[in-house]
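> Provided below for reference: sequence and predicted model.
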Amino acid sequence: MDVMPLLLLVAGSAAIAAAGRRVPVPVPLLLVAVGLAVSYVPGVPDYTLDPHIVLPLLLPPLLYTAATDSSYLDLRAQLRPVALLSVGYVLFATFVVGCAAYLVVPGLPLTAALVLGAVVAPPDAVAATAVARRVGLPSRITTILQGESLVNDATAITAFKVALAAAVGEGATWAGGIGEFLVAAVGGVGVGLVLMVPLHWLRTHLREALLQNTLSLLIPFVAYAVAEQVHASGVLAVVVVALYLGHRAWEVDFATRLQEGAVWKMVAFVLESAVFALIGLQLPVVLKGLGEYEGVDAARYAVAVFLVVAAARFVWVYPATYLPRLSARVRAREGALSWRGPFVIGWAGMRGVVSLAVAFSIPLTVHGGEPFPERNLILFLTFTTVIGTLVVQGVSLPPLIRLLKFPARDVQAETLAEANAQAQASRAAEQRLDDLLADERNTLPAPLADRLRMVLERRRNAVWERLGQVNPVTGETVDDTYRRLSREMISAEREVFVRLRDGRYIDDEMLRTLLRRLDLEEAAAYREAT
């Protein structure tokens, strides 16, 4: 097996993503654009998306890291809009886009058009999270978009299976489709509920951080595979498990959390970069199969489908937002609502790699050996819709948010809340320390006991100082200066250790032990600063 194309994809996409952090263009769009350009460079291999790789191997870890970073409590508070978008909108978009494609494209059967509708219906979890993270959307809107993108793939994949069964002549019915959807949804949630407690128990009872994080890397694949094995939704199983584990992450050992955070940041960075680059690299593969369609006709169909996809989201979002507010109870609970939030939600409907992977899973033939009707055109329209939403909506979203002038975050109030929380925790820790020191089994020399209290006091004062005055010369708070000087001292110690190693006064094993000790101290200072 030739691994060079895979290495080039990972290394190239990671390098572009790293460079993209220094330019104003959102990184996902830069990766797609470079992928489009590179796809026509002579000698570049064809990177055809294999649904047997993307869905079971790339989708679970991407969903897992997005879900663990989400807030279970916030998602529960926004359950109604999330459900209306992740289920209601996806089914609505499947029907509307399918009917529009049936009317616009001559000779396209309605069943095949509904397959296209199901394929392009779900906004992508990776695209939504990446863009929302960059543009700094208000927390409620970000929660709704993240919640929608975590669940909607399950709805779309089920709708796709039903439409595909009808298209290939397997006699699918509306009743059967609804039943399949309910089985997949209930089954996926059920598998997640069954797995989440034993997996969390195992995570908290393994004694080594290395083993705990090995388990962490396996969890999304296990949850997805188990659910798919019983014909349930692997997507929902992964999301349920990840939300539970993220909500209970505080119960895991600190070394595991530190290591796990670094590992999953790296995994998410590599996978997200490769996924967006893969989208752009599909252009030659898609155009190669387009065949009999002339450029003008294909472009006209692509524009029509993109416009319907964009418009259908607004048609759904505004009624789904305002109709529930006819209830006085809903209005009292949710307060005032500006038109700007639904507008951004309506515009933030970027499609991504899941749509392309599902499209590539359309079989070549139907029952009787006949070619699947207009399969190549469906692939092309899926590709142009994904690119169109990423480029048009992704590029315009940041300036649109600035133009709408959403209220800025109240940094002062957030810092005050953080300071109050730290003060309460510090009082509890101080009382606990006094109780422990009162026991003769815990007797400490006075300097060491004072050191414990000093560390606690510095942690408590650090947040309050952000509300106070700063050094007029450097612009730093007292605690900022303390941390900077501490890190300078650690750097000086590190240089001495290396010099002693180079002079053969200590060996490399001792050097690694001493450096790890300094690294942990510096990491603690850095975490407090951020």
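On my side now, so go ahead. Residues are numbered from 1 along each chain as shown.
> Tell me the spacing between residue 443 and residue 453.
Applying Cβ to Cβ, to the nearest Å, the value for residue 443 to residue 453 is 15 Å. Yep, even glycine has a C-beta here, placed from its N, CA and C like the rest.
> Which one's more surrounded, those two?
Neighbour count, other Cβ atoms under 10 Å: between residue 443 and residue 453, residue 453 has more, with 14 against 9.
> Just the pLDDT for the most centrally placed residue in the chain.
Closest to where the C-alpha atoms of the chain average out (Cα atoms, centre = their mean) is residue 66, at 3.3 Å. With respect to pLDDT, residue 66 scores 88.
> ok, it touching residue 146?
Yes. The criterion here is Cβ atoms under 8 Å, and residue 66 meets it with residue 146 at 6.6 Å.
> Can you name the residues that contact residue 449?
433, 437 (Cβ atoms under 8 Å, 6 or more residues apart in numbering).
> one more time with 6 Å, if that's ok
Contacts here follow Cβ atoms under 6 Å, 6 or more residues apart in numbering; on that basis residue 449 touches nothing.
> Identify the contacts common to residue 66 and residue 146.
Residues touching both residue 66 and residue 146 (Cβ under 6 Å, 6+ apart): none.
> Give the full set of residues in contact with residue 9.
For residue 9, the contact set (Cβ under 6 Å, 6+ apart) comprises residue 274.
> Pull up the gap between the residue nearest to the centre of the chain and residue 149, please.
7 Å.
> roughly how far out does stretch 154-164 sit from the chain middle?
Computed by Cα atoms, centre = their mean, to the nearest Å, the separation of stretch 154-164 from the middle of its chain amounts to 22 Å.
> now swap in stretch 363-372 and tell me
Distance, centroid of stretch 363-372 to centroid of chain: 36 Å (Cα atoms, centre = their mean).
> again with stretch 28-40
21 Å.
> buried sites along it?
Going by neighbour count (16 or more other Cβ atoms under 10 Å), the buried part of stretch 28-40 is 28-36, 38-39.
> Looking at the residues you listed, which are in helices?
28-36, 38 (DSSP state H).
> and these as JSON lines, adding pLDDT and distance to residue 511?
Output for those, formatted as JSON lines (pLDDT from 0 to 100; distance: Cβ to Cβ, whole Å):
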{"residue": "28", "pLDDT": "81", "distance to residue 511": "41"}
{"residue": "29", "pLDDT": "83", "distance to residue 511": "44"}
{"residue": "30", "pLDDT": "88", "distance to residue 511": "40"}
{"residue": "31", "pLDDT": "90", "distance to residue 511": "39"}
{"residue": "32", "pLDDT": "89", "distance to residue 511": "45"}
{"residue": "33", "pLDDT": "89", "distance to residue 511": "45"}
{"residue": "34", "pLDDT": "91", "distance to residue 511": "41"}
{"residue": "35", "pLDDT": "90", "distance to residue 511": "43"}
{"residue": "36", "pLDDT": "89", "distance to residue 511": "48"}
{"residue": "38", "pLDDT": "90", "distance to residue 511": "43"}
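> Return the member of these nearest to residue 288.
residue 36 (14.8 Å; Cβ to Cβ).
> thought the closest one was touching residue 278?
No. Using Cβ atoms under 6 Å, residue 36 is not in contact with residue 278; the gap is 11.3 Å.
> helix/strand/coil for the residue nearest to the centre of the chain?
The three-state label given to residue 66 by DSSP: H, G, I helix; E, B strand; the rest coil is helix.
> In this protein, what helix or strand scores lowest on average pLDDT?
Least confident helix or strand of the chain, by mean pLDDT, DSSP states H and E, is helix 125-135 with a mean of 63.
> Quick one: name whatever helix or strand follows that one.
Counting by DSSP states H and E, the next helix or strand C-terminal to helix 125-135 is helix 139-167.
> Who are the packing partners of that following helix?
Under the contact criterion of 3 or more Cβ pairs under 6 Å, 6 or more residues apart in numbering; DSSP states H and E, helix 139-167 touches helix 79-83, helix 90-104, helix 110-120, helix 125-135, helix 174-205, helix 234-247.
> Turn those into CSV, including distance to residue 481 and mean neighbour count.
Formatted as CSV, those follow (distance: least, Cβ to Cβ, whole Å; neighbours: other Cβ atoms under 10 Å):
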stretch, distance to residue 481, mean neighbour count
helix 79-83, 44, 17
helix 90-104, 53, 21
helix 110-120, 54, 27
helix 125-135, 31, 23
helix 174-205, 39, 16
helix 234-247, 35, 26
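> which of the ones you listed has the lowest average pLDDT?
helix 125-135 - the lowest mean pLDDT of these, at a mean of 63.
> now the helices and strands packed on helix 139-167 as TSV including distance to residue 397?
Listed next are the helices and strands packed on helix 139-167 as TSV, based on distance: least, Cβ to Cβ, whole Å:
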stretch	distance to residue 397
helix 79-83	19
helix 90-104	19
helix 110-120	19
helix 125-135	6
helix 174-205	30
helix 234-247	24
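> Need phi/psi at the residue lying closest to residue 263 once chain neighbours are set aside.
Take residue 263 and drop its neighbours on the chain: the residue closest to it by Cβ to Cβ, 6 or more residues apart in numbering is residue 213, 5.6 Å away. When read as degrees, to the nearest 10, the backbone of residue 213 gives phi -80, psi -30.
> State the number of residues packed around residue 213.
Neighbour number of residue 213 under other Cβ under 10 Å is 23.
> give the contact list for it.
By Cβ under 6 Å, 6+ apart, the neighbours of residue 213 are 259-260, 263.
> where's the dip in pLDDT among these?
Out of the contacts of residue 213, that is residue 259, at 86.
> Helix or strand for that residue, just tell me which one.
Using DSSP H and E, residue 259 falls in helix 254-281.
> Skip ahead from that helix and say which helix or strand is next.
That would be, after helix 254-281 and using DSSP H and E, helix 283-288.
> And the average pLDDT for that following helix is what?
82.
> check contacts around the closest residue to residue 227 other than its chain neighbours.
Spatially, and ignoring its direct neighbours in sequence, residue 227 is nearest to residue 237 (3.7 Å; Cβ to Cβ, 6+ apart). Contacts here follow Cβ under 6 Å, 6+ apart; on that basis residue 237 touches 188, 191-192, 223, 227.
> Sketch out the low-pLDDT regions of the stretch 251-400 of the chain for me.
Scanning the stretch 251-400 of the chain for pLDDT under 70 picks out 291-294, 368.
> Since that was my last question, I'll sign off now.
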